[in-house]
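>>> Here is the input, now give the coordinates:
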Amino acid sequence: MKRWLLTLLPLLLIGQSIFAAENPALKSGVFDPPRRAPDFALPGSNGREIKLSQFRGKLIALGFGFTHCPNVCPVTLANLTQVRKNLGKLAADVQVLYVTVDPERDTASRMQQYLAGFDASFLGVTGSAEQLAAVRQAYGVAASKAQAAADPNDYTVHHSSYIYLIDRDGRLRALVPFGKSVDDIVHDVKILLGNQR
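Modelled structure (predicted):
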């Protein structure tokens, strides 16, 4: 019996190693099983309609925020900028989309100017309050306006700060929480691109 176990054990360990190598663990939250990312078609910061499904074949990093955001959004976008730099040539297979939670102030041109300050390839998505609310609902994103002063233009928007990683086939695969390190995001993006070099 012991000899049988000693013979089988190395085979089991080899089998586990192969399984782990074929199914590397993501460092972010995982959609298990993966599910189709809700599609949308809205005005983009490039002056054209942006449809999520037009980016099939690329990995999409989808975030929600606004250009007047004082802290969370700049940090998130700066991290995504660094992620693309660290990916090198693989960055060509990654598209960052940033959906505004502040349609009153975030016009397409304002988003283009704001996002270009981080990375010229980033695209913003805007639309009517109703259109954007429907997208947030589809992704389970919360957003609420908080008036800071008597001036109607002086307000902030509290919002969810996750980044959704959507694979080349348009499936939700990972949910990156705010504060995740650039190295961890690069790790996950490489796995989802099917390239761990």
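>>> Spell out the secondary structure type for residue 75.
helix (DSSP: H, G, I helix; E, B strand; the rest coil).
>>> Quick check: the gap between it and residue 175.
17 Å (Cβ to Cβ, to the nearest Å). Where C-beta positions appear, they are placed from N, C-alpha and C, glycine not excepted.
>>> So for the two, which residue has more residues nearby?
residue 175 (18 against 13; other Cβ atoms under 10 Å).
>>> For the residue lying closest to the more buried one once chain neighbours are set aside, list the residues it contacts.
Of all residues not flanking residue 175 in the chain, residue 29 sits nearest, at 4.0 Å (Cβ to Cβ, 6 or more residues apart in numbering). When contacts are counted by Cβ atoms under 8 Å, 6 or more residues apart in numbering, residue 29 touches 174, 175, 176, 177.
>>> ok, of those, which come out buried?
Among the contacts of residue 29, those buried by neighbour count (16 or more other Cβ atoms under 10 Å) are 174, 175, 176.
>>> Tabulate the residues you listed (TSV), appending secondary structure, distance to residue 158 and pLDDT.
Shown next, in TSV, are these (DSSP: H, G, I helix; E, B strand; the rest coil; distance: Cβ to Cβ, whole Å; pLDDT from 0 to 100):
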residue	secondary structure	distance to residue 158	pLDDT
174	strand	23	97
175	strand	19	97
176	strand	19	97
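>>> buried sites along stretch 81-93?
81, 82, 83, 84, 87, 90, 91, 93.
>>> Tell me the secondary structure of the second one, please.
Right, the one you point to is residue 82. helix.
>>> does it really touch residue 182, like I thought?
Yes - the criterion here is Cβ atoms under 8 Å, and residue 82 meets it with residue 182 at 4.7 Å.
>>> got the contact list for the residue nearest to residue 178 when sequence neighbours are not counted?
In this structure, residue 178 finds its nearest non-sequential neighbour in residue 161, 3.9 Å apart by Cβ to Cβ, 6+ apart. Shown in contact with residue 161 (Cβ under 8 Å, 6+ apart): 63, 64, 65, 72, 76, 177, 178.
>>> redo that, cut-off 10 Å
Applying Cβ atoms under 10 Å, 6 or more residues apart in numbering, one finds that residue 161 lies in contact with 63-65, 69, 71-73, 75-76, 141, 176-179.
>>> just the buried members of those residues?
Judged by 16+ other Cβ under 10 Å, buried ones among those: 63, 64, 65, 69, 72, 73, 76, 141, 176.
>>> Specify which member of the residues you listed is nearest to residue 34.
Set against residue 34, the nearest of the buried ones among the contacts of residue 161 by Cβ to Cβ is residue 176 (15.0 Å).
>>> Against residue 47, how distant is that closest one?
From residue 176 to residue 47 the distance is 28 Å (Cβ to Cβ).
>>> cool, and residue 72?
27 Å.
>>> Then residue 120?
From residue 120 to residue 47 the distance is 14 Å (Cβ to Cβ).
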